[in-house]
Each structure stands twice: as structure tokens, then as C-alpha cells.
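Peer 1: sequence below, structure please.
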Amino acid sequence: MSVNKYCKFFMFFTIMLLLFLLSLSVHLDLVTDDHYFSTITQNVNIIDQLISRYQVWTGRIPLEAIMLYTINYSFFWKIAVPACLLLLSTSISRLVCKKVTLLYTFMALLLLFMIPSMINTNAAWWVTGFYIYLLPVSLATYALSFLLADQQHKIEFFLVCLTTCIFAYTEQVGIYFLFIAFIIFCIYKRARSYKNFCVYILTCINFLILITAPGNYIRFSQEIWRCFPDYSYYSFIQKLCFGFDKLHQIFVFYWNIPLVAFICILVVLYALYGVKSLASHISIGTVIGYVSFSLLQWNGRSFPQFGNNFLNTNLLNAEKWVSASMYVSYFFVMMVVISLIILMISTLKNNLVLLMVLSLFLLGIFDTLLIGFSPTIYVSNFRVDYVFEVCCIINFLLLMHYLFQINQQNQ
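Peer 2: Below is the predicted model of the structure:
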């Protein structure tokens, strides 16, 4: 067996093994939303429950319908969770290089498994989290990859149209698709086809149905009193600060491999092909310092010389509000974000790649900041960070593909 065939066999075997082990480990949690959704239909008709939820709680009717009809069948989500991860991986590969390749699928899947466990166990490996996050994110990414496909068959077009009736019913994922699809239309003329516009319009319609559901406003009022009683008295800037606190939490996760991998490949590209300047030198020093801090904190301990709040994943509380090290940490993360933007602009000479990478990065940032405008910002836990992690993985592979293309051109 040649080295090339051995590598392909190793990647294929690893993919199958990871997905198989994940399927074995997924289970219902009997003390969280898993228990609620798996038992609610014992006393209530599913249709009546969906109507009630739409009127007084949420507009995510298609997602909740799928969940209520399937959550009590363990074989469904034991197959669907790994299947969605595989779909997400292949869709990322297709989005990056316009086709599904074993190498990019393998790398995407590895990085998806390397997302911080606190995020994965909340958004992908938790059964309810799978229905609300992994399922729509994988379908939305698949639809995005369809927009860039050279050949768009009628059957696939029909399937993608059906997926819009699912992934558009999660706020974060709906924004993720609509924003990236808009960027794709702007930078790729060939993507401006009637099929793609149909997909975009269908997504817009379903997204509008989601955000205009009467239950959203009732839920918003109830969640304020249940989760954050003073929330309605905070200003726009204060709510934006809550969103930045969540963004800060993402950047200080210990061993956030997708984010670190994205930064490392960007640093390599800058060192090889970047336009050097004082701003870019400061930026490279900042991000290298951040990566060093991140990796050195492998045991989850903060650097004592900076205090207990510097690069600490704990969220805001009464003690941290008055801590100087907390604001030093905020400033440092803000500098890292700005530095990454400067490095992208200094390094990526291909405007199409630059726009795509920069758009995905900014989308991940803004999608996280917007969480600050929900009173459930600290109740939603870590699952709201999943879209940001997926954006980092796509960016890493986009830069990797860009590096491969430059090397091929130079040969």
C-alpha cells in the first residue's frame, strides 16, 4: 500500500471511529431540557404543544416539531448527531474548495471535536442542543456550500429549499446563513443564480416567521423576570458590554483549538507573504502573546501575577466588576481582535479570500455580541458560542487552502 493510500485509509478510519464512539456516548440527560421534551408529550398532544409554544414561548416550530416527534427514539439522535457532524465537515470542505475532499473533511471533523468541551457538550453532544444548534448549523453550512457549487442539480436544489424550513428557525444560525450568503452574492458573480436567490428568499421568509412569532415577546418579558430582573433598565451600551463579556469568555477558553489553529495559520501566512508595517508587527506580537497565554494555561489556572480575573473564563459578577485585572483582560482580548483584523488585511492579497475570511470572523464576533441583547445571555450557557467556533474552523481551512494554492503557483 502506497503512502498516499495509507494516509487516506487512516483519515477514513479515524472519521468512522470518532463518529462511532460519539454515537455510543450520546444519551438523554434526565435532569435538563432533554427530560422536559421527552416527557411533555405524555400528557399533551404534540400539535397542541407546538401551537402553545408558538403563541407563548418561541417561533422555532419546525425544530421543536422534529425534536418532539423523534427525541424518544434513541436510534434517531444516535445516528443523526454523528451524521450532522459528518454533513457539517463535508459542507465545510465543499465551501472551502468547491468539492468534498477527504483531507478537508478529516481536518474539519477533527477541529469540530476539538471545540472546547464545554461548548460541544452544550451544543452538539447534548441531545436538545443538537436539535437547536448542531442540526441547523450543519444544514445552513450545507446550503451555503450549495450556493457555490458549480453544478446545482434539481434534486439537491429541492433538498436545500427544504432545509431552509429548518435552519432558519434559530436566530443565530439564520443570521449566520443570511450574512454569509449575502457576502457570497457580493463577491462571486456566478453565485447570483435564480436558484440561489430562491434559497435566500425562502430563508428570509422563514426567518421572519421565526422573529415575528407572538411567543417571542411574551418569552422575552418572562425571561427578564426569571433570569435577569434588572435587564430592562440597562442601556444599549451596557447590553453590548454583556455581549463582549461572552466574547471575552470565548477567547479565554483554555486550549480553544479552532481559534488557536486559525490564528496560527494566519501568523504563518503573514510571516511568509504579509506586508510588514509597525501596526502589523504590534499585531503579530499581540496574537503570539495571546496564543502563548492560551496554551500555557493547559491546567485551567490563571496567571497569578495578573490576578484571578485575567484571562479567566468566569463570567461577570459583583466582585469582578471592580477588579482592575478584569478590564486589563478585556483590553487584551479587544487588542487581539483588532490585531487579527490588521493581520488579515496585511496578509491576504486575494480580495475574494480576504472578504470571505474577514466576513466570517466579523460574523462570529457580532453573532456573539448580539447575545448581550437577550436576558438569557448567562442562562444559555456555552451553546451560543458554537457558531463562532464553526466560523473559526471554516476560516482555518480557507487559509490552509489559500496557502496550498500559493505553493502550487510558486512551483
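
Peer 1: show me the domain layout of the chain.
Peer 2: Segmentation of the chain into domains, based on automatic domain parsing, reads 11-212, 229-411.

Peer 1: okay, those in JSON lines with mean pLDDT, distance to residue 221 and mean neighbour count next?
Peer 2: From N, CA and C alone the C-beta is placed, and that goes for glycine too. What follows is the domains of the chain, written out as JSON lines (pLDDT from 0 to 100; distance: least, Cβ to Cβ, whole Å; neighbours: other Cβ atoms under 10 Å):
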{"stretch": "domain 11-212", "mean pLDDT": "92", "distance to residue 221": "11", "mean neighbour count": "18"}
{"stretch": "domain 229-411", "mean pLDDT": "85", "distance to residue 221": "9", "mean neighbour count": "17"}
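
Peer 1: got JSON lines for the ones you listed, with distance to residue 2 too?
Peer 2: Formatted as JSON lines, the domains of the chain follow (distance: least, Cβ to Cβ, whole Å):
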{"stretch": "domain 11-212", "distance to residue 2": "14"}
{"stretch": "domain 229-411", "distance to residue 2": "21"}
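
Peer 1: out of the ones you listed, flag the one nearest residue 5.
Peer 2: domain 11-212 (10.4 Å; Cβ to Cβ).

Peer 1: off-centre distance for the closest one?
Peer 2: Relative to its chain's centre, domain 11-212 lies at 11 Å (Cα atoms, centre = their mean, to the nearest Å).

Peer 1: stretch 254-269 now?
Peer 2: 16 Å.

Peer 1: got the contact list for that stretch?
Peer 2: 111, 114-116, 250-251, 253, 284, 287-288, 290-291, 294-295, 297-300, 313, 340, 343-344, 347-348, 389, 392-393, 395-396, 399-400, 402-403 (Cβ atoms under 8 Å, 6 or more residues apart in numbering).

Peer 1: inside helices: which ones of those residues?
Peer 2: Those of these mapping onto helices are 111, 250-251, 284, 287-288, 290-291, 294-295, 340, 343-344, 347, 389, 392-393, 395-396, 399-400, 402-403, per DSSP state H.

Peer 1: follow-up on the earlier one: of all the domains of the chain, which one is nearest residue 219?
Peer 2: domain 11-212 (5.0 Å).

Peer 1: measure residue 117 to residue 382 for me?
Peer 2: 9 Å (Cβ to Cβ, to the nearest Å).

Peer 1: next: residue 256.
Peer 2: The gap separating residue 256 from residue 382 is 11 Å, by Cβ to Cβ.

Peer 1: show me the common contact partners of those two, please.
Peer 2: Residues touching both residue 256 and residue 382 (Cβ under 8 Å, 6+ apart): residue 116.

Peer 1: my read: residue 143 touches residue 163, true?
Peer 2: Yes - at 5.5 Å, residue 143 and residue 163 qualify as touching, with contact defined as Cβ atoms under 8 Å.

Peer 1: can you list contacts of stretch 141-155?
Peer 2: 87-88, 91-92, 94-95, 98, 156-157, 160, 163-164, 167, 177, 180-181, 184, 188, 191, 193, 195-196, 199, 203, 390, 394.

Peer 1: go ahead and confirm residue 29 touches residue 125.
Peer 2: No - applying Cβ under 8 Å, one finds residue 29 not in contact with residue 125, separated by 10.3 Å.

Peer 1: distance of residue 116 relative to residue 158?
Peer 2: 37 Å.

Peer 1: my bad, should have said residue 128
Peer 2: Residue 128 is 29 Å from residue 158, by Cβ to Cβ.

Peer 1: repeat for residue 111
Peer 2: For residue 111, the distance to residue 158 - Cβ to Cβ - is 31 Å.

Peer 1: ditto for residue 384
Peer 2: Counting by Cβ to Cβ, the gap from residue 384 to residue 158 is 31 Å.

Peer 1: likewise for residue 214?
Peer 2: Distance from residue 214 to residue 158, by Cβ to Cβ: 31 Å.

Peer 1: just residue 120 next, same as before
Peer 2: Residue 120 sits at a distance of 32 Å from residue 158 (criterion: Cβ to Cβ).
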